[in-house]
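# The amino acid sequence is not available; the structure is as follows:
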């Protein structure tokens, strides 16, 4: 049986890799020999949620909780490593936690019945433990390296000239440990018999969407947060690029499929194996479905749906839509250019003083306008279905009156907080019907 090694890339997005690629020579080499899913989106913007969704293969696991600190997995689907254990695997988790003495890592996503997780602030001790875990065959090991987390990178603060320099030092150390781990496996003849899965949990925003009390992740699921790396290495076979959409919740079923372990999930919203099916859209969220907005941090409970071109987000602020391939930071809400009709379709607004760049980029009645309108309608419908599904599941788990998920009227409002500032002019709904329909 093949071994399984899952490498968790802490706080590393596609943008991080693209901008700081020189810091990741070992990871870059591994990715070049892997099947890379370039349109992979993390199912959440916080590590704990992402890990829970990966191990259980669905993003409904934590929804019944109103407080992040109380959340434990519901067990809608069996834990990936629990399944592997029943098939003779030796599971293990090792975590490099630079603040282990002050704040031990929380392993609520790792049942004690599977194994005892190893948590240390000493990189050498972590690598020694990883080496020990891989002596037991077949092994299933999860490596969580927190050094690339913005807080943990603080160990390099004394020798760094800037925050960029500090993070780059952390990226290099994380990459060195990946290289050392792969060399360990190769030295003991285990690498060719090991399936290596590499995935990112989320990116860091660094206050591009507001201060948020200083938070840089756990924020609303904009593309810069959730468009992260995902690749599967199997001895250099099948290397290349898969451009289909993929989600965190699909990793579990995909691993089981590759390892030849048959397992049937009865939960209707479980992820699918990427070997047998593709997705037409994927979802991401920042809070659990029953978790209220954080007024103190100015973070709204948000759910987003992505297709191959656009993302549509909804929160108590209303709807936001982005062409994330043109605007990966999600700063231009395309709905600022529109109003919602009573029927729920989009109507293009007249923008006073708009220059030819805009007028010729989005001309009335042409394919681009129709594309925005068509994709909006489709994605809005998918969000409506997803919210309804989460509401139904919550009602089954919680007593009456305790469910506080997204109210349905938010799908009927465009987020307009920054519209006038965006245009540097007051935009109002036309008093006459616009001649720009689609």
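Happy to help now that I have it. Predicted, not measured: the structure shown is a model, and the values here were computed from it. Numbering: from 1, shown residues only.

# low-scoring stretches of the stretch 301-438 of the chain, by residue?
363-367, 426-438 (pLDDT under 70).

# any chance you could map the strands in it?
303-306, 310-315, 318-323, 338-340, 346-348 (DSSP state E, counting those that start in this stretch).

# could you give the angle of the longest helix anywhere in the chain to strand 310-315?
Looking across the chain with DSSP state H, the single longest helix is helix 367-397. Going by axes from the mean of the first three to the mean of the last three Cα atoms, to 10 degrees, helix 367-397 is angled at 40 degrees with respect to strand 310-315.

# Identify the residues contacting residue 249.
43, 53-54, 57-59, 270-271 (Cβ atoms under 8 Å, 6 or more residues apart in numbering). Heads up, the C-betas are built off the backbone N, CA and C, glycines and all.

# picking up where we left off before, make TSV out of the strands of the stretch 301-438 of the chain and add distance to residue 391.
Formatted as TSV, these follow (distance: least, Cβ to Cβ, whole Å):
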stretch	distance to residue 391
strand 303-306	12
strand 310-315	14
strand 318-323	18
strand 338-340	22
strand 346-348	25
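
# Mean neighbour count added to those, as CSV?
Formatted as CSV, the strands of the stretch 301-438 of the chain follow (neighbours: other Cβ atoms under 10 Å):
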stretch, mean neighbour count
strand 303-306, 26
strand 310-315, 24
strand 318-323, 22
strand 338-340, 20
strand 346-348, 20
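
# out of these, nearest to residue 236?
Closest to residue 236 of these, according to Cβ to Cβ: strand 303-306, at 29.9 Å.

# That closest one pairs with which strands, and in what direction?
Strand 303-306 has the following sheet partners, assigned by DSSP bridges: strand 282-285 (antiparallel), strand 310-315 (antiparallel).

# Tell me which of the ones you listed lies nearest to residue 230.
strand 282-285 (11.4 Å).

# ok, residues contacting the closest one?
41-45, 49, 59, 221, 226, 245-247, 301-306, 386.

# Could you count how many residues lie near residue 279?
Neighbourhood size, residue 279 [other Cβ atoms under 10 Å]: 20.

# meant to ask about residue 281
Neighbourhood size, residue 281 [other Cβ under 10 Å]: 19.

# tell me the contacts of it?
245, 305-307, 379, 382.

# residues near residue 415, how many?
With other Cβ under 10 Å as criterion, residue 415 counts 20.

# picking up where we left off before, mind putting the contacts of residue 281 into TSV with distance to residue 230?
Below are the contacts of residue 281 laid out as TSV (distance: Cβ to Cβ, whole Å):
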residue	distance to residue 230
245	11
305	18
306	14
307	17
379	22
382	21
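
# Let me know the closest of the residues you listed to residue 4.
Taking Cβ to Cβ as the measure, residue 4 lies nearest residue 245 of the contacts of residue 281, at 23.4 Å.

# quick check, the closest one in a strand?
Yes - under DSSP: H, G, I helix; E, B strand; the rest coil, residue 245 falls within a strand.

# now it: how far from residue 355?
34 Å (Cβ to Cβ, to the nearest Å).

# all strands of the stretch 1-150 of the chain, in order?
Counting by DSSP E, counting those that start in this stretch, the strands of the stretch 1-150 of the chain are 3-9, 35-41, 90-96, 118-120, 139-145.

# Apart from its neighbours in sequence, what residue is nearest residue 276?
For residue 276, ignoring the flanking residues on the chain, the nearest one in space by Cβ to Cβ, 6 or more residues apart in numbering is residue 257 at 6.9 Å.

# Now for the one you found, how many residues are close by?
By other Cβ under 10 Å, neighbour count at residue 257 equals 16.

# What strand or helix carries it?
helix 251-258 (DSSP states H and E).

# Just want the angle from that helix to strand 35-41.
Using the same axes, to 10 degrees, helix 251-258 lies at 160 degrees relative to strand 35-41.

# contacting residues around helix 251-258?
2, 4, 6, 54-57, 77, 80, 83, 195, 197, 199, 230, 232, 234, 262-263, 265, 270-276.
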